[in-house]
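K.L.:
The sequence and its predicted three-dimensional model are supplied below.
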Amino acid sequence: MRSRDVMDHRWMRLPLSWSASLSRREPAGDQVLIIVTVLLLAVGIMMMYSSSALLAQRRYEDTAFFLKRQSIWISVGLIMLYAVSHFQHRYWRKLIGPLLCIGLALLAVVLFSPLGEPINGARRWLRLGVMTIQPSEMIKVILIVYLACYLAGRGERIQSFVQGALPVVFVVGVFVSLIMCQPDLGTAVVILTVTGGMLFIGGVPVRHLAGLSTAALAMCAYLVTQTAYQRQRVLTFLNPWDDPMDSGFQTIQSMLAIGSGGIWGMGLGEGNQKRLFLPEPHTDFIFAVLAEELGLIGGMMVLGLYGVLIWRGFRIAWGSNDLLGYYLAYGITLLFSIQVLINVGVVSGMLPAKGLTIPFLSYGGSAIVMNLVAIGILISISRAREHT
């Protein structure tokens, strides 16, 4: 009888231990950020099929060719997001050295080995069996991690040019130089802009940033004037109607698509410019197809989703418990902001063509995976805050 009373007492205590363990569940992270990411992925999948079906039928005799491949990459990206979101962000300090070496090696392989696959006159892709990856997409995130780790450990030394900005100039300069050799001016501009923003928020004196910015602008201006196709892009931006059937064709078709959409759009799947008028409508210019089919209202709603994503990213940065988390969240959010602004600016004719995709909408395996990895880092930082 006595032993039975003891056993009964133990069984009565078990539910209490279960409830205690449930109350100690790991935090899920920023729920609004997760919802917005899922919504953008849903819109991206929808517009991916709408914009690419005719092109896929013509090239591969399969209207869902691009949709299937993008769905696979999104699945890989979601797995990576989950894994990274459960990886404590402070451990990136231990990984940044190997990551920089891997990134440098990948860029070198793309440029100097047969594995680098030239497409449209540029060597930006690495052929690995049946798939290709674009290392520069990985470099964007790797350099943000490097800059966050560097700034978090500098302290007052950041005020010195030699001990502050100069090491960053050397490291980032090596990567940007290799990316420029591909050539990929758009990615180089994004990396330099994010670097400048992170150095500014990290406390680098304005006079140092002004000098570095002047040098970077002078370098970009020189490269544009000395490279025929880059120079033509600037001339096309100034007057796309000067050569409407060649250099200005894509910009004009994009603006026609946006203008045709009006307020409410022509209806999902009913756009005309994707019907082999707008080259590669599923990549850099997918937002033009979206604006034509969903109209001003649809375009503004999607931009509103990006606005919420950016707001949550900066909110995570401001609420971070440590400097590393703050710089990581700030850099990633700045990266998303710049890419959206440049892509929409190019599509609407407000900026020269840069060849940059828009996050979560444009077709591209490397980009979608790394964008989801970046979201995973943001969620990890927000989870760390909730855990304390």
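P.N.:
Yes, it's here.
K.L.:
in its sheet, what does the biggest strand by length in the chain sit against?
P.N.:
For the chain, the longest strand by residue count, based on DSSP state E, is strand 122-128. Paired with strand 122-128 in the same sheet, following DSSP bridges, are strand 116-119 (antiparallel), strand 131-133 (antiparallel).
K.L.:
So for Pro27, which of the ones you listed sits nearest?
P.N.:
Smallest distance to Pro27 across the strands paired with strand 122-128 (CB to CB): 32.4 Å, for strand 131-133. Yep, even glycine has a C-beta here, placed from its N, CA and C like the rest.
K.L.:
mean confidence for the closest one?
P.N.:
Across strand 131-133, the average pLDDT comes to 85.
K.L.:
Leu372: neighbouring residues, count only.
P.N.:
Neighbours of Leu372 under the rule other CB atoms under 10 Å: 24.
K.L.:
Which residue is the nearest non-sequential neighbour of it?
P.N.:
Nearest residue to Leu372, sequence neighbours excluded (CB to CB, 6 or more residues apart in numbering): Gly77, at 3.4 Å.
K.L.:
Show the subsequent helix or strand relative to the strand or helix carrying the one you found.
P.N.:
Here Gly77 is covered by helix 65-85, with elements defined by DSSP states H and E. As assigned by DSSP H and E, the chain's next helix or strand after helix 65-85 is helix 92-112.
K.L.:
Just the C-alpha atoms of that following helix, please, in PDB.
P.N.:
Output in PDB follows, covering the C-alpha atoms of helix 92-112 (Å, rounded to 0.1, in the frame of the first residue of the first chain):
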ATOM      1  CA  TRP A  92      29.200  33.500 -36.600                       C
ATOM      2  CA  ARG A  93      32.400  35.000 -35.100                       C
ATOM      3  CA  LYS A  94      34.000  31.500 -35.200                       C
ATOM      4  CA  LEU A  95      32.800  30.900 -38.800                       C
ATOM      5  CA  ILE A  96      33.600  34.100 -40.500                       C
ATOM      6  CA  GLY A  97      37.200  33.200 -41.400                       C
ATOM      7  CA  PRO A  98      36.300  30.000 -43.200                       C
ATOM      8  CA  LEU A  99      33.300  31.700 -44.800                       C
ATOM      9  CA  LEU A 100      35.600  34.400 -46.300                       C
ATOM     10  CA  CYS A 101      38.000  31.800 -47.600                       C
ATOM     11  CA  ILE A 102      35.100  29.800 -49.200                       C
ATOM     12  CA  GLY A 103      33.700  32.900 -50.800                       C
ATOM     13  CA  LEU A 104      37.100  33.900 -52.200                       C
ATOM     14  CA  ALA A 105      37.700  30.400 -53.600                       C
ATOM     15  CA  LEU A 106      34.300  30.300 -55.300                       C
ATOM     16  CA  LEU A 107      34.800  33.700 -57.000                       C
ATOM     17  CA  ALA A 108      38.300  32.500 -58.200                       C
ATOM     18  CA  VAL A 109      36.800  29.200 -59.500                       C
ATOM     19  CA  VAL A 110      34.100  31.100 -61.400                       C
ATOM     20  CA  LEU A 111      36.700  33.400 -63.100                       C
ATOM     21  CA  PHE A 112      39.600  31.100 -63.700                       C
END
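K.L.:
so it versus strand 122-128, what angle?
P.N.:
With axes from the mean of the first three to the mean of the last three CA atoms, to 10 degrees as the basis, helix 92-112 and strand 122-128 are set at 110 degrees to each other.
K.L.:
now helix 92-112: how far from the chain's centre is it?
P.N.:
18 Å (CA atoms, centre = their mean, to the nearest Å).
K.L.:
Equivalent analysis for stretch 165-185, please.
P.N.:
18 Å.
K.L.:
and that stretch, what's its mean pLDDT?
P.N.:
93.
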